[in-house]
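Visitor: What follows is a protein structure lacking sequence information:
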């Protein structure tokens, strides 16, 4: 009982910060993940040498994994089939090539290969959620949390910018409704921004763009599994001990299978989705509290340029696919 009490102060701090981020997001229209990060960074003094430290650690690690696992209830195998095999192959090509692009460019820039994998996965799959899931299985070291925080800030900011610019770009290019939907759902990093961009065009575009995005989200666990396999085979930049198969990976797959073979009531999937969203929000706030802003500001321009290039790369791949295939 005493051990549980030791976690409560930090958990309550992250919950209150998450609620504040949700309030600000709803009233000012900016991404909730970005608000959670900024508030977490502002409250970083609560982490070192305080009663909140244990709870903040717990939130950043364990509640994060719960949030990622619950994403499985948002996806069903029918979603993967609804878009057709051509669109599915295009999304696979975009995700895999973005991961490889991030890996190669990170090496050219003199950055760690694992940072290229982290940013490539975040850009290619589902933004902040992917960044946290991939970070959870990479070998942990002193730079890992800084890399994760930087990736989340970068992909969230770029996703917000894409939400504003991409619908205008699609209209300028004269894309049809289905093409616009696949472009928005296949390129914008975070689900919330895909929804915002899609429904700003039309309801039909919003529905199909969201479906396309959820299919991208479905590739999160295969990518994480491949990273785990690579680490176990001691390939690439795996200078730490490769972790075992995490419980959240198994949970994600199990929930996706349940959602695919059973008629799960909408109230359950909606509730799970909201719990997952809030768990990820408070986890990001906790990661912000654990981070050193001074170190974050000293990383230079290369990581930012890398994420911009990855974002441009996946946009070009998807555009080429829908225009010429």
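Guide: Thanks, I have the structure now. No experiment lies behind these values; they were computed from the predicted model shown.
Visitor: How about stretch 91-110, which residues are buried there?
Guide: By neighbour count on 16 or more other CB atoms under 10 Å, the buried set for stretch 91-110 is 91, 93-99, 101-103, 105-106, 109. C-beta: built from backbone N, CA, C; applies to glycine.
Visitor: Any figure for the gap between residue 161 and residue 260?
Guide: 34 Å (CB to CB, to the nearest Å).
Visitor: how many other residues sit next to the nearest residue to residue 163 once chain neighbours are set aside?
Guide: Spatial nearest neighbour of residue 163, chain neighbours left out: residue 193 (4.0 Å); criterion: CB to CB, 6 or more residues apart in numbering. Neighbourhood size, residue 193 [other CB atoms under 10 Å]: 24.
Visitor: Hmm, residue 193 is touching residue 157, no?
Guide: No. Applying CB atoms under 8 Å as the test, residue 193 and residue 157 come out as separate, 10.6 Å apart.
Visitor: Quick check: which ranges of the stretch 51-200 of the chain have low pLDDT?
Guide: 80 (pLDDT under 70).
Visitor: That one: helices as residue ranges?
Guide: Ranges of helices within the stretch 51-200 of the chain are 53-58, 64-70, 77-82, 85-108, 113-121, 127-137, 144-172, 177-187, 191-201, based on DSSP state H, counting those that start in this stretch.
Visitor: Between these, which one is closest to residue 268.
Guide: Ranking the helices of the stretch 51-200 of the chain by proximity to residue 268 (CB to CB) places helix 64-70 first, at 10.9 Å.
Visitor: and for that closest one, what are the contacting residues?
Guide: Residues outside helix 64-70 that contact it (CB atoms under 8 Å, 6 or more residues apart in numbering): 129, 132-133, 136, 220, 246-249, 251-252, 255, 272-273, 275-280, 283, 286.
Visitor: Filter those down to the buried ones.
Guide: Buried by 16+ other CB under 10 Å: 129, 132-133, 136, 220, 246, 248-249, 251-252, 255, 272, 276-280, 283, 286, out of the contacts of helix 64-70.
Visitor: Of those residues, which belong to helices?
Guide: Using DSSP state H, 129, 132-133, 136, 220, 248-249, 251-252, 255, 272, 276-280, 283, 286 are the members of the buried ones among the contacts of helix 64-70 that sit in helices.
Visitor: out of the helices of the stretch 51-200 of the chain, which comes closest to residue 302?
Guide: Smallest distance to residue 302 across the helices of the stretch 51-200 of the chain (CB to CB): 8.7 Å, for helix 85-108.
Visitor: now the closest one: how far from the chain's centre is it?
Guide: Between the centre of helix 85-108 and the centre of its chain there are 16 Å (CA atoms, centre = their mean, to the nearest Å).
Visitor: contacting residues around residue 120?
Guide: Neighbouring residues of residue 120 by CB under 8 Å, 6+ apart: 98-103, 310.
Visitor: redo that, cut-off 10 Å
Guide: Counting by CB atoms under 10 Å, 6 or more residues apart in numbering, residue 120 touches 95-106, 130, 134, 151, 223, 306-307, 310, 313-314.
Visitor: and residue 18, what pLDDT?
Guide: Looking at residue 18, its pLDDT stands at 93.
Visitor: thinking again about what came up before, any shared contact partners between residue 193 and residue 157?
Guide: The contact lists of residue 193 and residue 157 share residue 31, where a contact means CB under 10 Å, 6+ apart.
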